[in-house]
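*Asks:* give me a model of this one.
(one chain, ligands or ions: 1)
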Amino acid sequence: MRARTAVIPAAGLGTRFYPVTKAVPKELLPIYDVPALQLVMDEAIGAGADHIVLVSSRVKTPIEKFVTPDPAVVEKVRASGREDLANRLARIGTDVKVTITYQDNPHGLGHAVGCAREVVGDESFMLLLPDELRSGPELLSALADSVQSRGVSAIELLRVPMDKVSAYGVITHVPGAPADGPFDIVGIVEKPKREDAPSDLIIAGRYVCTADIFDKIDRIKPAPNGELQLTDALELQSADSPITGIISTVTRWDTGTPMGWLEAVIDAALSNGDAAAARALLADRLAR
Ligand code: UTP
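*Replies:* Residues are numbered from 1 along each chain as shown. Model (predicted):
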């Protein structure tokens, strides 16, 4: 069966965005006029998800508030004549089933995904890191199609310059694949030294995992930083039988840092109804 559930882990501390994230979850930062989380949920829905599982933290209550339908606010906006905005507000949390589950302490991405186990059950599921945005659902959809046809997890890959690999999870693949993939992944090493890196292909923030990933998460040990790494669980899966890597061709933004967020906001402003005004504003500022 094709994955219909999308897990979005949003329980991290967001330390790269302190002091903002002391009070505001980074997942809710506006990308021009829409919270990042909404864009990520829309991507999942576009790829075929009908159930979103948010792994949140009990202290990040604005996330719950955002996805909880609020008919009174919708009616107020509708009564003021702003029909389009009312429709947009009415859609949030009602166009898809949303379940919130909690990670009480942020023990890493592997641990966060493990917290979704009961809700997800025995089926393959999409996994989207919400501090990365994509221009559309095509890549996620391709991952879901791959898992449906091959029965093993599929993950998004990026090719990066070798001097950047040591910040990421880097894959080893079966030799002989075409340069643009897909790849049969037989190993993953987290943050290798440049000279030890097995390739220039890194794991990015979109995955479709088969349900046995939960058993693998149960088996992994914390990394030296105390976190349970999802890559360790994927590595165990790839040892059973190669998992699939697909090179991303959609545009991506990393909104986990202030500069990455700014880039996403500028691009969003330049591609919506206010593009002319945004362009004029930027031209004015750059001319000063
Ligand atoms: P990151 O490592 O990028 O986010 O995790 P972070 O830990 O919140 O941010 P920094 O590095 O301290 O600035 C990617 C995604 O996984 C979630 C985060 O909320 C983020 O959306 N995550 C991470 C969890 O839900 N739980 C964790 O234990 C770790």
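*Asks:* which stretches of the stretch 151-288 of the chain form helices?
*Replies:* Remark: helices assigned in the stretch 151-288 of the chain by DSSP state H, counting those that start in this stretch are 213-219, 230-240, 258-269, 275-287.
*Asks:* closest one to R88 among the ones you listed?
*Replies:* Smallest distance to R88 across the helices of the stretch 151-288 of the chain (CB to CB): 15.0 Å, for helix 258-269. C-beta: built from backbone N, CA, C; applies to glycine.
*Asks:* so which elements touch that closest one?
*Replies:* strand 30-31, strand 252-254, helix 275-287 (3 or more CB pairs under 8 Å, 6 or more residues apart in numbering; DSSP states H and E).
*Asks:* the stretch 1-150 of the chain against the ligand: which residues are in contact?
*Replies:* 9-17, 27, 55, 103, 106-109, 111-112, 129-131 (CB under 6 Å from any ligand atom).
*Asks:* for the closest residue to the ligand within the stretch 151-288 of the chain, give me its contacts.
*Replies:* Going by CB to the nearest ligand atom, the ligand is nearest to G256 of the stretch 151-288 of the chain, at 4.8 Å. Contacts for G256 (CB atoms under 8 Å, 6 or more residues apart in numbering) come out as G14, R16, F17, K26, D131, E132.
*Asks:* one more pass at 7 Å, please.
*Replies:* R16, F17, K26, D131 (CB atoms under 7 Å, 6 or more residues apart in numbering).
*Asks:* you'd agree the third one is up against L129?
*Replies:* Translated: K26. No. Contact criterion CB atoms under 7 Å: K26 and L129 do not qualify, at 11.2 Å.
*Asks:* next one, pLDDT for E27 please.
*Replies:* Looking at E27, its pLDDT stands at 96.
*Asks:* make CSV from the helices of the stretch 151-288 of the chain and add mean neighbour count to it.
*Replies:* Shown next, in CSV, are those (neighbours: other CB atoms under 10 Å):
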stretch, mean neighbour count
helix 213-219, 18
helix 230-240, 21
helix 258-269, 17
helix 275-287, 10
